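Trainee: Sequence below, structure please.
(one chain, ligands or ions: 2)
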Amino acid sequence: MIIVMRPDATEQQVEYVASMVREMDLKDHVIVGTDLTVVAVIGDDRKKDRTAFELCPGVDRVVPILAPYKIASRESRRQPTQVTLGDSCMIGGELVPIIAGPCSVESQEQIMESAKLVQQAGATALRGGAFKPRTNPYSFQGLGEDGLKLLAEARKETGLAVVTEVLTPAEVDLVAKYADCLQIGTRNAQNYKLLEAVGRQPKPVLYKRGMSMTIDEYLQASEYILAAGNQNVILCERGIRTFEDHTRNTLSLSVIPELKYRSHLPVVVDPSQGTGHARLVPAMCKAAVAAGADGLLIEVHPDPEHAMTDGAQSLTPTVLAETVQALKRIAAAVDRRV
Ligand code: PEP
Ligand code: MN
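Mentor: Numbers count the residues shown, from 1 in each chain. Ligands and ions are numbered 1, 2, ... in the order given. Predicted coordinates:
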């Protein structure tokens, strides 16, 4: 960080700030300019409370230099991180995988049919919620462990890697037993104990951005997973809350290049939760791939009108297949493959 002194700061005030820096076991470097004096702090100050300096007499402001997140940052790793789901689906390389499937696992017939149809359409991984974080406690909550068993059956049948959500630290081991990748939903994005719990096991984590999280908050929170030991983290933009009400959320596509600039972690986009309307999903899939997304998470249902959850934003397998064909052309234009 750099501590900028006020123009009228005295030499004693500068020395006091410098002594506080040394008290924190960091090195101080005082730079006296023509108008202002600044105290540069040398060393990793991320674990220190920077705001303490704002209380010191003569200090104007404190400017952080290092990103507040360490393992997730580009400063710590320049090469992009690649994460492998299951045996074959790799995220973060040239290929842009499509993770598709229903919002919820509803029955054996539904998940088997979904898996086969999304695979035929070009998907390389299967999504489906067994534990659902519902806004209303009286809504369908998912099939729980029975749903996980059905997902594992669908994987056996198709070879598709399985992505499914985990809601609590107590259920991490159970979900990890069946899934190839654990999804952390937007409502749990700041549940730090859950983030630590998925960080302590080795399966990849698809970590969605909280609906009201800034990019800095998001990357700092991803650090809970990384610092607990799991480096297989996939970021996922699924839209944020704004004043706009034509779409369920506002899908913020500029975060794709921004996250990739700040971090080495792969970035996936979920245009289904991001828009809330199936008719908007194909265009947002194309825009996401054009903007550099490393993968897409898309809700697809064999019979959206009868889906138990999120039918309005679910594509039919036919529309998914058409969208994948269009995505192949978009991907080629940005030197990627679908
Ligand atoms: C979902 O993927 O079905 C879901 C619940 O997502 P989100 O946490 O982004 O709302
Ligand atoms: Mn959903």
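
Trainee: helix, strand or coil for Met213?
Mentor: Under DSSP: H, G, I helix; E, B strand; the rest coil, Met213 falls in the coil class.

Trainee: Identify the residues contacting the nearest residue to it once chain neighbours are set aside.
Mentor: Nearest non-adjacent residue to Met213, counting by CB to CB, 6 or more residues apart in numbering: Ala189, 5.9 Å away. No exception for glycine: its C-beta is placed from N, CA and C like everyone else's. Under the criterion of CB atoms under 8 Å, 6 or more residues apart in numbering, the neighbours of Ala189 are 207-211, 213, 218, 221.

Trainee: got it, and Ala130?
Mentor: Ala130 touches 104-105, 142-148, 150-151, 164-165, 175, counting by CB under 8 Å, 6+ apart.

Trainee: Check the burial of the closest residue to ligand 2 within the stretch 1-150 of the chain by counting its neighbours.
Mentor: For the stretch 1-150 of the chain, the residue closest to ligand 2 is Cys103, as judged by CB to the ion, at 3.4 Å. Neighbourhood size, Cys103 [other CB atoms under 10 Å]: 24.

Trainee: Next: Ser139.
Mentor: Neighbour tally, Ser139, other CB under 10 Å: 11.

Trainee: quick revisit: wouldn't the residue of the stretch 1-150 of the chain closest to ligand 2 be in contact with Val300 here?
Mentor: No. With contacts counted by CB atoms under 8 Å, Cys103 stays clear of Val300, the gap being 9.4 Å.

Trainee: who touches both of the two?
Mentor: Contacts common to Cys103 and Val300, judged by CB under 8 Å, 6+ apart, are Ser314.

Trainee: Spatially central residue for the chain, please.
Mentor: Geometric centre of the chain, nearest residue: Leu235, 2.4 Å, by CA atoms, centre = their mean.

Trainee: Can you report how many residues lie near Arg337?
Mentor: By other CB under 10 Å, neighbour count at Arg337 equals 12.

Trainee: for the lengthiest helix in the chain, the distance to its chain's centre please.
Mentor: Longest helix of the chain, by residue count under DSSP state H: helix 317-333. On the basis of CA atoms, centre = their mean, to the nearest Å, helix 317-333 sits 23 Å off its chain's mean C-alpha point.

Trainee: So which bits of stretch 111-128 are buried?
Mentor: Within stretch 111-128, the residues that count as buried by 16 or more other CB atoms under 10 Å are 111-119, 121-128.
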